[in-house]
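Visitor: Show me how the following folds:
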Amino acid sequence: MKPVDFAAFVDELARLSGEAILPFFRTAIHAADKSQGGVFDPVTEADRAGEAVMRRMISQNFPSHGIIGEEFGSQAPDADYCWVLDPIDGTKSFISGMPVWGTLIGVTHKGNACYGLMHQPFTRESFSGDGSSALWRGIGPNQQPAERKLRVRPCESLAAATLMTTHPALLAEGTLDAFRRVEAQVRLSRYGGDCYAYCMLAAGHIDLVIESGLNPYDIVALIPIIEGAGGIVTTWDGGPATKGGAIIAAGDRRTHEAALALLRL
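Guide: All right, here's what the predicted structure looks like:
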């Protein structure tokens with residue numbers, strides 16, 4: 001499958017999932033709690049509708065491919081090509097009417113993240129990457145379609161860095177102290193954003209994203225975007241990020257190394 005055909009198919013997945021999800025945004029939608037008494041983990045009819053349409057299209061067009069999705073589980077996850085889907089990354093923002101959520105569509109080839117897209121149908125923008133380049137597409141100041149290449153910004157030290165995490169309360173047990181060590185060293189720390197934070201890193205607006213307790217569908221689509229923009233995404237021990245866990249993304253390898261040193265203490 002040629003890259004241009006692959007990208008076009010992902011764009012179609014994003015369009016159709018957006019059509020399924022967007023009618024529910026900023027409505028009186030009910031959110032069920034998947035946590036079973038733990039930290040509130042909402043799921044909505046919009047989540048399920050968005051994933052269902054993507055899974056149906058993938059199965060029709062690529063029946064030999066695997067699928068890992070947040071809402072409907074795994075199907076042939078060890079296939080050479082595997083689609084990793086999160087229909088609404090940032091459901092808490094979605095049900096609060098905040099536009100910092102997005103649909104994550106990632107693809108792995110033999111376990112390596114090879115293509116990813118984050119689509120936000122409400123703001124009409126998308127961030128995509130294949131590990132060697134990354135692109136933003138949206139609406140420009142003249143209200144016409146626009147696009148530009150994504151590039152991380154240089155950041156020589158933690159003292160000059162802007163750090164984001166979705167929220168410290170969501171960090172996995174035993175990781176908060178490590179996060180706080182890095183947070184104490186940076187110039188600015190901001191909370192919120194989910195997948196948007198990673199895309200803002202790829203776009204050169206922030207320098208670090210540190211989180212823990214992630215699943216593959218939370219991060220796989222974002223890896224080729226950040227790497228395509230010149231950044232780096234690893235686990236806290238410096239390993240591959242495709243299986244999730246404790247994740248650090250950085251635009252500059254110098255800040256990545258400095259943050260890792262503090263996380264490992």
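Visitor: And the closest residue to residue 204 other than its chain neighbours, how far from residue 247?
Guide: With Cβ to Cβ, 6 or more residues apart in numbering as the criterion, residue 204 has its nearest non-adjacent residue at 3.9 Å, and that residue is residue 153. (C-beta placed from N, C-alpha, C; glycine too.) Using Cβ to Cβ, to the nearest Å, residue 153 is found at 20 Å from residue 247.
Visitor: Contact partners for residue 54?
Guide: 13, 16, 17, 69, 83, 85, 87, 105 (Cβ atoms under 8 Å, 6 or more residues apart in numbering).
Visitor: Same question for it, what's its three-state structure.
Guide: Of the three states, residue 54 takes helix according to DSSP: H, G, I helix; E, B strand; the rest coil.
Visitor: Please report the distance of it from residue 15.
Guide: Distance of residue 54 to residue 15, computed by Cβ to Cβ: 11 Å.
Visitor: Need the pLDDT of residue 34.
Guide: With respect to pLDDT, residue 34 scores 67.
Visitor: scratch that, residue 248
Guide: 98.
Visitor: residue contacts, it?
Guide: Residue 248 sits in contact with 208, 209, 210, 233, 234, 235, 236, 256, 259, 260, 263, where contact means Cβ under 8 Å, 6+ apart.
Visitor: just those now: which is nearest residue 128?
Guide: Distance to residue 128 across the contacts of residue 248 (Cβ to Cβ) is lowest for residue 233, with 15.4 Å.
Visitor: Now name the helix or strand holding the closest one.
Guide: strand 232-235 (DSSP states H and E).
Visitor: and that strand, what does it pack onto?
Guide: helix 222-228, strand 245-250, helix 253-263 (3 or more Cβ pairs under 8 Å, 6 or more residues apart in numbering; DSSP states H and E).
Visitor: Export the first one to PDB, keeping only CA atoms.
Guide: Translated: helix 222-228. What follows is helix 222-228, C-alpha atoms only, in PDB (Å, rounded to 0.1, in the frame of the first residue of the first chain):
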ATOM      1  CA  LEU A 222       1.100  10.500  18.400                       C
ATOM      2  CA  ILE A 223       4.500   8.900  18.100                       C
ATOM      3  CA  PRO A 224       4.900   9.300  14.300                       C
ATOM      4  CA  ILE A 225       3.600  12.900  14.600                       C
ATOM      5  CA  ILE A 226       6.100  13.900  17.200                       C
ATOM      6  CA  GLU A 227       9.000  12.000  15.600                       C
ATOM      7  CA  GLY A 228       8.100  13.300  12.200                       C
END
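Visitor: follow-up on the earlier one: let me know which of the helices and strands packed on strand 232-235 is the nearest to residue 127.
Guide: That would be helix 222-228 among those, by Cβ to Cβ, at 5.3 Å.
Visitor: So residue 200 versus residue 87, what's the distance?
Guide: Applying Cβ to Cβ to residue 200 and residue 87 gives a distance of 21 Å.
Visitor: Neighbour count: those two, which is higher?
Guide: Ranked by neighbour count (other Cβ atoms under 10 Å), residue 200 and residue 87 place residue 87 first, with 32 against 20.
Visitor: correct me, but the more buried one touches residue 50?
Guide: Yes - using Cβ atoms under 8 Å, residue 87 is in contact with residue 50, at 3.2 Å.
Visitor: per-residue confidence for residue 68?
Guide: pLDDT for residue 68: 98.
Visitor: Can you tell me the element it falls in?
Guide: Here residue 68 is assigned to strand 66-69, by DSSP H and E.
Visitor: just checking, what packs against that strand?
Guide: Strand 66-69 packs on helix 45-61, strand 73-75, strand 81-89, helix 216-219, going by 3+ Cβ pairs under 8 Å, 6+ apart.
Visitor: possible to save these as JSON lines with mean pLDDT and distance to residue 21?
Guide: Supplementary listing: the helices and strands packed on strand 66-69 in JSON lines, determined by pLDDT from 0 to 100; distance: least, Cβ to Cβ, whole Å:
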{"stretch": "helix 45-61", "mean pLDDT": "96", "distance to residue 21": "4"}
{"stretch": "strand 73-75", "mean pLDDT": "95", "distance to residue 21": "19"}
{"stretch": "strand 81-89", "mean pLDDT": "97", "distance to residue 21": "6"}
{"stretch": "helix 216-219", "mean pLDDT": "97", "distance to residue 21": "15"}
